[in-house]
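Student: please find the sequence and the predicted model below.
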Amino acid sequence: MAEKKYWKGLEELHPTPEFIELAQQEFPEELPVEVMGNHENNGASRRDFLKMLGFSVTAAAIAGCEMPVNKVAPYIFKPEDVTPGIATWYASTFMNGGDYCSILVKTREGRPIKVEGNNASMITRGGTSARVQASVLSLYDTNRLTGPKVRNDKGKHTGISWAEVDAAVTGKLNAGENTAVRILTGTVVSPSTKRVFARFTEQYPNTKVYQYDAVSYAGMLAANETAFGVKALPHYHFEKARVVVGFECDFLGTWISPVEYTKGYSAGRKVGKGKKEMSRHYQFESRMSLTGANADYRTALKPSELMTALVNLYDEVTGASLSGGKKIGDDKKAKRIREAAKWLKDNAGSSLLVCGLNDMNAQLLVNAINNALGNYGRTLDMSMPSMLRQGTDNDLKAFISDVSKGEADVVMIYGCNPVYDSPLGSSIAEALKKVDVCVSFADSMDETSAVCHYICPDSHYLESWNDAEPVKGCYSLAQPAIRNLFDTRQAQDSLLAWCGASMSYHDFMVETWVNGPLAGSANMTRAFNQALQTGLFQMPMEDMGDHEMMYDPQPVVMNGDVSSAAAAVLSSGSKMGNGLEVTFYESVAIGDGRYANNPWLQEMPDPVSKITWDNYLNVSPEWAEENDLMHGDVVTLKAAGQSVTVPVAIQPGQAKGSASIALGYGRSMIGKAGEGVGVNVWPMVDASGDCLVYCASGATVEKTGKNIRFAQTQTHFNLNDGLAKRTIVKETTLAEYQANPLSGNMDRAEKLGHLDTFYPDFQAGRNGFDWGMSIDLNSCVGCGACTIACISENNVPIVGRDEVLRAHEMHWIRIDRYYAGEDSENPEVVFQPMLCQHCENAPCENVCPVGATNHSSEGFNQMAYNRCIGTRYCANNCPYKVRRFNWFDYGGNDTFGTMNDPHVNEEMGMLEDLTRMVLNPDVTIRSRGVIEKCSFCVQRIQEAKLGAKKDGRQLRDGDVRTACQSACPADAIVFGNMFDETSQVHQLNTSERAYGVIEENHWLPSVLYLTKVRNKDAADHTHEQELDIMDLYNYQ
Amino acid sequence: MFVSPIREPLIQGHKTYAQMSDDIIGPVEAKPTKTWMLAVTCTALLAITGFVMIGLTITYGIGLWGLNKTIGWAWDITNFVWWIGIGHAGTLISAILLIFRQKWRTGVNRSAEAMTIFAVMCAGLFPLIHMGRIWLAFFIFPYPNTRGPVWSNFNSPLLWDVFAISTYFTVSLLFWYVGLIPDLATVRDRAKTAFRKKIYNVFSFGWTGTAKQWQRFESLSLVLAGLSTPLVLSVHTIVSFDFATSVIPGWHTTIFPPYFVAGAIFSGFAMVLTLMLVVRKIFHLEDYITLSHIESMNKIIILTGSIVGVAYITELFTAWYSQNQYEQYAFINRSMGPYAWSYWGMMTCNVISPQLFWFRKLRRSVVFTFFMSIVINIGMWFERFVIIVTSLHRDYIVSSWSYYTPTYVEVFIYLGTIGFFMTLFLIFAKVAPVIALAEVKSILKSAGDQYIGEHAAHAHHTEDAGHGHYETLIKPQ
């Protein structure tokens, strides 16, 4: 019997050949896979499918086992000077506006990754500042322009080629006869650049170069011109001053050349074996500046009172009576003026008065005082003046009037941003509209370049040739450490090209040197190469040694009418004394605003307020209480006809009745990091006189009812908890120290005596090294250079405002700031750098369940990031709270790819390929979920050891310098081997002043501090009382 | 067996063995009620929310929590210690009270043990998810490896925790499950459908109730009780070492082990009461979980609450007496600093309020007891929060002092574990007898109200009462 047949369709009942073929295939449809290498025959069988499946699963599994490695290409031809893994160093010069520092640039595989101070420089002497350290990041700023731009009709800038720009600009320059060119620049320190301007002027005779400085020193320049006939700033020698008196002058933070001054100042204040003397520092100022925080005697005076005080000081010093009986109201403060005058007189010839007021009359008085004291030629020098600020406010005004009158055909703007950083910004923007061709050399789109027709982006200083003459007769060179990253061209090259000089700026610069500093050298090439190698050309050192000036101190002839100057000072003082007086200052990190797009600097806590990512109105605690203001209250500040909404920060040390706010914030066009951070108060600066006045009186403050939290890394709390004093900072006065070097540290022996243990000696079993550190609280001025150097060296992530608000900042070394004393207007301030103390009995080590943090055989505490599972137990158990946890994927190197977009702000940089070029390849980027902390720059220790081994010698003291140590302009940090009894660190850590923070608990920190010595009378010194202004702060 | 005349009956309502089976297994056999469905839905949703938050944390990082550079632990470890503490009541009831022959424990031990298991599951979650890199959590185990080898750090209390808690969980689970076997067999025996019978047969391991099985059952119970007894003391001791061995003022305290154990039992009993009062009401088990049970537990609450109170005061005394300024400040800050509200919340909930149980009337009030159990749960959570956060937020270096507020992620993770716990408990209450039937039956004759107390019917017949017992023990049906 035939089997019953079921059929699904007619095809099956009456099969066609195609159907048979189809039916025999296992899969009725084509598989969605292709057999590799055989695209035509897609008839994949089951076996093929399984093969493919097996292959892809295996491949996926194999790929999953390893982190994908991207973009690694070996050299085909190895460049001669690049050895992978070995750093190449170039001597160069940091210049930005008037900021100057002689540096060494560390490059790895062709990338500049770190900047260090150049010890050979006589100006900065190896010191650096936070701005210098952070400058390497600005090279990799994603906001930099990648090529020249032209503005179209709609006001938008679009890309263009250099040839087109050149044709357009030279076309315009040569269009008519006597084309009027106006060049506006910041201070130009470079002699060759000045020669370029001269060469350009030769070609186009109707060219004028105007120089101005956003934070102006015009008053000083004018005063010096009047007094000495030299329109320049004196070269200061703080190291020679036994008494320093500062008037509203932040010479350690922002004034002219803070690195240089910090070097000198701290040298004059070091005490130790064989040096029991230190300088005394009086400071009179309205806001609590970094410098004031370091003063022995600081007196808070309102800006109007400062004027009177200065005349009073003149009277006291010279015995004149120019004050006409006008005295500052407060007797206690008047007494300080008398004291300061007495000390100045007693140390005539080795004292120094510096004044930061941009007021010609005030500066004339200062000159007169210094002259009366015979300080010229000793602590300050006009014969070899400083060239770091040359701009005048009248230059800017002349520029504006030229341009707005339509007298300029071509305008060029170089190294400055006048639309933003001047109170006249809006009129400049207006005036520039009348110009036919307006060229900006800005390296990124800023407020000024936005209104220019052509943007010819200047190369970064690390990509450029340049030279500098910071002090007359002292030269330094800058050389490129990397080829241009983008299609940029140095401004000088552009100018040379436009004036038809067929030579590069490099050749032009060499020419300058051959005819200038090097003239007379026997072998010119050799001399230039030598200068290039050291980065410097200085007058013979012996002439400028530490003790004698280059020139004999000439009796200085000073001109100028001091009595009318004093009258003018008094009258401007009384004009100012009206209502709330607000001063405008540049912050240590951001400056006049030119560093605003640098996230390292934005996240650097202000040395005094410890606030990041913001500017704010500093007011005194008493004034705040009277006006019912709390820390963080948002107010409307009205001054000089302008109004801004800004939060109030309660700042001990701010003179009552005055307030202050930082310039440089509120940039409207700059880049992801800096845009919209803070508010712009440049328009409030008074530009009515000859010199800009950074003060506005009669200001009013209105509450808006809002209160914000600051991204503040340290809030104010009572250091003294009503019990005994915590052994965090130890202080003494100079007299007590001279009588007994142990003073302030007397309790140490007893405390250490209690630390008996039955455990074996912690130093047993060491392999010859016991790394230790000494930090001199007396030297540290709190500038923050170490913090930024550490970020740069150790790839410390930047987390952004929101994360700092949540106390997630990652800095490995921070500077703790404590106030002391009961006078909230004049508290004593201590700065204490705090980093991993590398305890020998480290509380963090025993609690880690996986042993990720452990003790090295060389006495430091080390982290194995790969092993860390992130329990944070170590961070909890760290008494110094220096361990940092990667709350998110800050480094952009997550095991599972970056998944943090909603939480990590990309502008912080580490997620961008370009910005990641700044990372130090010697230091691991920590992944999300691990703890990190100071490693004592273990990579540097290893490098130094290898170097010593290669040289076949023992490691010497000083071979290893940690990043914080080498950055420090005050030489406060010393690192070395404690086993080596000749080492500096051993000497310091066994000296009388050495103590450990909370060492009575037997953690045996490897970092010891040296007591702070204040050069003040014991009666004036705050020993126990602590400042109590907590009520005005929110706890959170 | 002699029973003291002042003993109150532990089983009320003149129960027979059969009635007991009906009362206790009835809810297991009944269809899920609407109330139960609603409750499970709510708690499961809460649990799912919690797990989503855990997922977010693992995906994006611990930064989603409110922790910071100063405060590395907060709600995570608070919740961990809280849950672990809650678990302790179960072990105490099943192990220590067994050894002390406290018969009243039979009414509550099953639920208490279940609670232990679920609480430890919730607790164990936190040390895992608080890790920055949970995917490397296996690093904490000392396993042979090719990296040196690299071992765990046996000095770390966190590692001791791993062993303590895993041991605790294992022993508790075994103890609980072994106790369940005869009861699951009873459920099987009463099952009406083949499927149900099969399932319960598997889970009861084919228990037939032979004398040999009972003998082995008793021996194993005793062994496990013996193992659990030290665990009651050791687990929370080791948890307290997480703090006691550190250097942070407020953590570094030798009083912590006894103080933590007492606190754990204190909070555990509170949680047992919270659960049991609900179960008792919903499943109508008032005859088995009597006022006398409640009173007994309240007495333990007074005892442990007072121990905890003494510990708090001892801490204050030690801080003052030590003259150690950091220690002193830690306690001044606790009581007067920004977190003073949590300290005084803790003091009120844990020290003052349990003292009300000195009144017999309050001890025997169901409503008041329920209220107090919640208060104590809150208070004990505060205790851990106070210890962890207020000690950390202001320790040695003043510059780093900080403040902590939780984020929604942390709040929902915590609520999620409560949801998870409740879900598990509800499922447990639905699929297994919430009262240890076999054990309760075993005390019927010595503690049933027909045998002792004022309502005792003195001329009783053992056969009547023995019927149900016989059924369970002998008949495999």
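Tutor: Happy to help now that I have it.

Student: for the closest residue to residue A:814 other than its chain neighbours, give me the pLDDT.
Tutor: Across the structure, with C-beta to C-beta, 6 or more residues apart in numbering or on different chains as the measure, the residue nearest residue A:814 apart from its sequence neighbours is residue A:834 (5.5 Å). Placement of C-beta: from N, CA and C, glycine included. Each residue has a pLDDT score; the one for residue A:834 is 94.

Student: residue A:834 contacts residue A:812, correct?
Tutor: No. Taking C-beta atoms under 8 Å as the contact criterion, residue A:834 and residue A:812 are not neighbours in contact, 9.9 Å apart.

Student: find residues that contact each of those two.
Tutor: Applying C-beta atoms under 8 Å, 6 or more residues apart in numbering or on different chains, one finds that residue A:834 and residue A:812 are jointly contacted by residue A:882.

Student: SS state for residue 77?
Tutor: Picking chain A for this. With DSSP: H, G, I helix; E, B strand; the rest coil as the basis, the three-state label of residue A:77 is coil.

Student: find the closest residue to chain B in the stretch 901-1036 of chain A.
Tutor: Evaluated by C-beta to the nearest C-beta, the stretch 901-1036 of chain A has residue A:929 as its residue closest to chain B, separated by 2.5 Å.

Student: what about that residue, helix or strand, and which?
Tutor: Taking DSSP states H and E as the definition, one finds residue A:929 inside no helix or strand.

Student: what sits against the residue nearest to residue A:814?
Tutor: Under the criterion of C-beta under 8 Å, 6+ apart, the neighbours of residue A:834 are A:813, A:814, A:815, A:816, A:880, A:882, A:997, B:397, B:399.

Student: distance of it relative to residue A:279?
Tutor: Counting by C-beta to C-beta, to the nearest Å, the separation of residue A:834 from residue A:279 is 26 Å.

Student: ok, residue A:891 next?
Tutor: Using C-beta to C-beta, residue A:891 is found at 44 Å from residue A:279.

Student: got it, and residue A:601?
Tutor: As defined by C-beta to C-beta, residue A:601 lies at a distance of 29 Å from residue A:279.

Student: between these two, which one's more packed in?
Tutor: A side-by-side neighbour count of residue A:601 and residue A:279, using other C-beta atoms under 10 Å in any protein chain shown, places residue A:601 first with 28 against 25.

Student: please look at that one and residue A:788 and confirm they touch.
Tutor: Yes. At 7.1 Å, residue A:601 and residue A:788 qualify as touching, with contact defined as C-beta under 8 Å.

Student: and for the two, which residues touch both?
Tutor: With C-beta under 8 Å, 6+ apart, residue A:601 and residue A:788 have common neighbours A:130, A:134.

Student: that older thread, what sits against the nearest residue to the residue of the stretch 901-1036 of chain A closest to chain B once chain neighbours are set aside?
Tutor: The spatial neighbour of residue A:929 that comes closest, neighbours along the chain excluded (C-beta to C-beta, 6+ apart), is residue B:132 at 2.5 Å. In this structure, residue B:132 makes contact with A:868-872, A:885-886, A:928-931, B:61-62, judged by C-beta under 8 Å, 6+ apart.

Student: recalculate using a threshold of 6 Å.
Tutor: By C-beta atoms under 6 Å, 6 or more residues apart in numbering or on different chains, the contact set of residue B:132 is A:870, A:929, A:930, B:62.

Student: do residue B:413 as well
Tutor: B:50, B:53, B:54.

Student: out of the residues you listed, who's nearest residue B:90?
Tutor: Closest approach to residue B:90 among these (C-beta to C-beta): residue B:50, at 22.1 Å.

Student: that closest one and residue B:71: what is the separation?
Tutor: Distance, residue B:50 to residue B:71, by C-beta to C-beta: 22 Å.

Student: so what pLDDT did residue A:120 get?
Tutor: 87.

Student: follow-up on the earlier one: surely the residue nearest to residue A:929 is within a helix?
Tutor: No. Checked against three-state DSSP, residue B:132 lies outside a helix; its state is coil.

Student: returning to what we had before: need the contacts of residue A:834 in CSV with distance to residue A:247 and neighbour count, can you?
Tutor: Conversion of the contacts of residue A:834 to CSV gives the following (distance: C-beta to C-beta, whole Å; neighbours: other C-beta atoms under 10 Å in any protein chain shown):
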residue, distance to residue A:247, neighbour count
A:813, 32, 26
A:814, 30, 26
A:815, 25, 25
A:816, 28, 23
A:880, 38, 25
A:882, 38, 23
A:997, 35, 24
B:397, 35, 22
B:399, 30, 23
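
Student: which one of these is nearest residue A:180?
Tutor: Nearest to residue A:180 among the contacts of residue A:834, with distances taken as C-beta to C-beta, is residue A:815, at 50.6 Å.

Student: and that closest one, that one's in a helix?
Tutor: No. Residue A:815: not assigned to a helix; according to three-state DSSP it is strand.

Student: residue A:829 is in contact with that one, correct?
Tutor: No. Look at residue A:815 against residue A:829 with C-beta atoms under 6 Å: they stay out of range, at 11.2 Å.

Student: chain A contacts on chain B?
Tutor: Within chain B, the positions lying close to chain A (C-beta under 6 Å from any C-beta of the partner chain) are B:59-63, B:68-70, B:72-73, B:131-133, B:136, B:139-140, B:152-153, B:155-156, B:158-159, B:246-247, B:325, B:328-329, B:338, B:392, B:396-403.

Student: show me these that map onto helices.
Tutor: Among those, the subset assigned to helices under DSSP state H consists of B:59, B:60, B:158, B:159, B:325, B:328, B:329, B:392.

Student: now the residue in the stretch 751-900 of chain A positioned nearest to chain B. Nearest residue, chain neighbours left out?
Tutor: Of the residues in the stretch 751-900 of chain A, the one nearest chain B is residue A:870, at a distance of 2.0 Å by C-beta to the nearest C-beta. Taking C-beta to C-beta, 6+ apart, and ignoring the residues beside it in sequence, residue A:870 has residue B:132 as its nearest neighbour in space, at 2.0 Å.

Student: got it, and residue B:13?
Tutor: Sequence neighbours aside, residue B:287 is the residue nearest to residue B:13 in space, at 4.2 Å (criterion: C-beta to C-beta, 6+ apart).

Student: hang on, the one you found in a helix?
Tutor: No. According to three-state DSSP, the state of residue B:287 is coil, so it is not within a helix.

Student: got phi/psi on it?
Tutor: Reported as degrees, to the nearest 10, the phi and psi values for residue B:287 are phi -80, psi -20.

Student: give me the pLDDT for it.
Tutor: For residue B:287, the pLDDT comes out at 79.

Student: wait, residue B:391 sits on residue B:248?
Tutor: Yes. The pair formed by residue B:391 and residue B:248 meets the contact definition of C-beta under 6 Å, at 5.3 Å.

Student: the more surrounded of these two?
Tutor: In this view residue B:391 and residue B:248 are compared by other C-beta under 10 Å, and residue B:391 has more residues nearby, 24 against 21.

Student: skipping its backbone neighbours, what lies nearest the more buried one in space?
Tutor: Once flanking residues are discounted, residue B:391 sits nearest to residue B:250: 3.1 Å by C-beta to C-beta, 6+ apart.

Student: burial of the one you found, as a residue count?
Tutor: Residue crowding around residue B:250 was assessed by other C-beta under 10 Å; the count is 25.

Student: please apply the same query to residue A:141.
Tutor: As a burial measure, the neighbour count of residue A:141 was computed by other C-beta under 10 Å and equals 25.

Student: how close does it sit to chain B?
Tutor: Here residue A:141 is placed at a distance of 26 Å from chain B (C-beta to the nearest C-beta, to the nearest Å).

Student: what's the answer for residue A:231, then?
Tutor: Residue A:231 is 45 Å from chain B, by C-beta to the nearest C-beta.

Student: from what I see, that residue and residue A:221 are in contact.
Tutor: Yes. Shown here, residue A:231 and residue A:221 form a contact pair, counting by C-beta under 6 Å, at 5.1 Å.

Student: bridging residues for residue A:281?
Tutor: Partner residues in beta bridges with residue A:281: residue A:244, with DSSP bridges as the criterion.
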